[in-house]
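1. Sequence and predicted structure are below.
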Amino acid sequence: MVQNKKGRQNIDPHDMAEKMYKYFDADGDGTVSPDEIISAFQNIGKNWNTDDIRSFLETIDADGNGTIEKDEFIAFITKSLSQADGGH
């Protein structure tokens, strides 16, 4: 569990990753393309460099097929959140 910034409630990293994945998988096909991630970031007002986003996605894309599957995304996010929480 990860505490939110106010320290009031714990957030399950797996649940958070599931919700994030659902948001990024705009067409609901079970994979997230680089274009879907770029569009999602633009929709929330984050205009990141598209080359940086593509490079970041290559880190998550464990099988190297060019898209992010749910299991890859959840594994990456839960690991990242656990590390941010001091590994607890």
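-> That came through, no problem.
2. In the chain, spot the helix with the most residues.
-> Secondary structure of the chain read by DSSP state H shows that its longest helix is helix 70-84.
3. Mind listing what's buried along it?
-> By neighbour count with 16 or more other Cβ atoms under 10 Å, helix 70-84 contains the buried residues Glu72, Phe73, Ile74, Phe76, Ile77, Thr78, Leu81. The C-beta positions use only the backbone N, C-alpha and C, and glycine is treated the same way.
4. now stretch 59-71
-> Those would be Ile60, Asp61, Thr67, Ile68, Glu69, for stretch 59-71 by 16+ other Cβ under 10 Å.
5. So which of those residues sit within helices?
-> Among the buried residues of stretch 59-71, the members that lie in helices (by DSSP H) are Ile60.
6. of all the buried residues of stretch 59-71, which comes closest to Thr31?
-> Using Cβ to Cβ, Thr67 is the member of those that sits closest to Thr31, with 4.0 Å.
7. picking up where we left off before, ok, so of the buried residues of stretch 59-71, who is nearest Asn43?
-> Ile68 (17.2 Å).
8. Quick check: the closest one touching Glu58?
-> No: contact criterion Cβ atoms under 8 Å: Ile68 and Glu58 do not qualify, at 9.9 Å.
9. secondary structure class for Asp29?
-> Three-state call for Asp29 (DSSP: H, G, I helix; E, B strand; the rest coil): coil.
10. How many residues are close by it?
-> Neighbourhood size, Asp29 [other Cβ atoms under 10 Å]: 10.
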